[in-house]
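*Asks:* Sequence plus predicted model, see below.
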Amino acid sequence: MRNVYLGNHQIITPLGFTLQENIEAVTQGKSAIQAHHSPYIGGYVAGKISETKLQERFKSLGNAVAFTKLEKMMVLAVAEVLQAHQEIPKEKIALIIATTKGNVDALAEENPFSKERAKLPQLAKTLQEYFEFPKVPILVSNACISGGLAVSVAKQFIQNKTYDHAVVVAGDLVSEFTLTGFNSFQALAKGVCQPFSKERTGINIGDAAAAVWVTSVKPKEKAIQIIGEATANDANHISGPSRTGEGLFLSVERALQEAGILANEIDYISAHGTATLFNDEMESIAFHRLGLQKTPLNSLKAYYGHTLGASALLELIFSQVSLQENMVFKSLGYESQGTSKALNMITKTEHKPLQIALKTASGFGGCNFAMLLKKETE
């Protein structure tokens with residue numbers, strides 16, 4: 001079966017419109033989380049991309065007013081990734097789009113776009129037409145594992161020789177829909193979230209889009225291979241995770257089986273880490289069951305907020321960079337142990353030898369995702 005690799009990538013967030021800008025901001029410990037106001041829930045904190053900056057950056061790619069905010073974010077991300085592969089015919093490339101709610105903000109009365117724009121197939125059609133892909137894009141919408149699961153779909157298409165390459169793009173917005181939903185759960189933090197910390201009170205939400213090239217062709221340098229992936233659903237509750245971490249445990253266990261490695265060979269974990277009481281507790285239990293309690297671990301949620309369907313892809317790209325640069329990033333917001341099972345939290349950004357990384361994600365409806373990445377030596 002063919003090897004599958006992660007290639008070039010792009011991230012669009014409030015911390016920057018390039019991967020490098022984002023890496024520099026996170027390295028400096030900057031957070032995108034700021035105070036905002038909603039007519040429905042009042043004051044809240046979240047990571048929101050400036051409409052003005054987005055419009056300015058999009059000018060060279062088309063008529064900004066013809067596209068929704070999310071569409072502009074996704075186009076920017078995909079355009080950068082495809083730029084490096086202009087010689088490859090589009091029919092050999094799968095376009096895979098991941099999101100939880102897409103253009104749900106188009107349903108608001110004050111939104112200038114048609115309510116038809118809120119339908120996910122319409123989002124796919126807009127991206128397909130913009131980039132002139134001959135085949136209909138694949139849509140992945142499975143709660144907050146969507147971005148990671150889309151990479152799994154790409155991997156399987158490539159291994160089955162349906163496609164040689166794929167560009168995976170994931171994105172979601174801070175919308176009144178998601179804000180009021182999480183607020184009804186009393187799950188929104190009053191300040192910057194604190195994943196896995198005793199002081200944590202809930203999540204922040206964030207705007208983000210990310211895109212990555214997935215390919216059967218080994219990159220010439222700093223090659224990162226996907227060696228295992230899996231998803232499992234614990235079917236515990238529509239919004240609450242399994243108290244035993246069963247779905248996450250099974251996802252990681254099956255990814256390890258595919259990779260043919262043991263848990264103690266993992267050098268670094270990029271966890272989901274939403275900073276809710278139940279999610280972080282569930283993850284700590286699952287990691288202990290897997291024997292991963294001593295493996296260095298972080299969450300990026302205090303930098304960006306929970307970017308929903310984009311989060312797993314954004315964080316997978318950071319995992320790719322971590323392996324390539326032998327670098328781990330501080331788990332911002334962590335102060336003291338807040339889960340029943342202790343974890344080896346990364347408390348400072350530093351360089352250290354890395355060979356294998358694990359990215360995990362979990363979401364509503366009991367869905368869980370795990371992916372193992374390995375750095376190939378030259």
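*Replies:* Sure thing, it's come through. Residues are numbered from 1 along each chain as shown.
*Asks:* Find me the pLDDT at A32, would you?
*Replies:* Confidence at A32, expressed as pLDDT, is 98.
*Asks:* would you say W213 is within a helix?
*Replies:* No. Applying DSSP: H, G, I helix; E, B strand; the rest coil, one finds W213 to be strand, outside a helix.
*Asks:* secondary structure element for the nearest residue to it once chain neighbours are set aside?
*Replies:* In this structure, W213 finds its nearest non-sequential neighbour in G7, 3.3 Å apart by C-beta to C-beta, 6 or more residues apart in numbering. Placement of C-beta: from N, CA and C, glycine included. Element membership of G7 [criterion: DSSP states H and E] is strand 5-12.
*Asks:* Packing partners of that strand?
*Replies:* helix 19-27, helix 69-83, strand 208-215, strand 224-233, helix 311-325 (3 or more C-beta pairs under 8 Å, 6 or more residues apart in numbering; DSSP states H and E).
*Asks:* Partner strands of the shortest one, with direction?
*Replies:* This points to strand 208-215. Using DSSP bridges, strand 208-215 pairs in its sheet with strand 5-12 (antiparallel), strand 165-172 (antiparallel).
*Asks:* right, and the helices and strands packed on strand 5-12 - which one's nearest S336?
*Replies:* S336 lies closest to helix 19-27 among these, at 22.0 Å (C-beta to C-beta).
*Asks:* For the closest one, give the mean pLDDT please.
*Replies:* 98.
*Asks:* Kindly report the same for stretch 175-195.
*Replies:* For stretch 175-195, the per-residue pLDDT averages 95.
*Asks:* End to end on it, go ahead and measure it.
*Replies:* 22 Å (C-alpha to C-alpha, to the nearest Å).
*Asks:* Buried ones in that stretch, by neighbour count?
*Replies:* If you call a residue buried by 16 or more other C-beta atoms under 10 Å, then stretch 175-195 has these buried ones: 175-179, 181-183, 187-189, 192-195.
*Asks:* now stretch 22-35
*Replies:* Neighbour counts over stretch 22-35 (16+ other C-beta under 10 Å) mark 22-23, 25-26, 31-33 as buried.
*Asks:* State the distance from the nearest residue to D172 once chain neighbours are set aside to D207.
*Replies:* Leaving out its chain neighbours, the residue that sits closest to D172 by C-beta to C-beta, 6+ apart is L308, at 3.8 Å. Taking C-beta to C-beta, to the nearest Å as the criterion, L308 is separated from D207 by 10 Å.
*Asks:* Could you tell me which residues touch both of the two?
*Replies:* Taking C-beta atoms under 8 Å, 6 or more residues apart in numbering as the contact rule, L308 and D207 both touch D172.
*Asks:* picking that back up, now do the strand holding G7 and strand 224-233, the angle between them.
*Replies:* With axes from the mean of the first three to the mean of the last three C-alpha atoms, to 10 degrees defining the directions, strand 5-12 sits at 80 degrees from strand 224-233.
*Asks:* quick one: contacts of strand 5-12?
*Replies:* With C-beta under 8 Å, 6+ apart as the test, strand 5-12 has contacts from 18-19, 22, 49, 73, 76-78, 80-81, 84, 151, 171, 208-219, 223-226, 314, 316-317, 320, 373.
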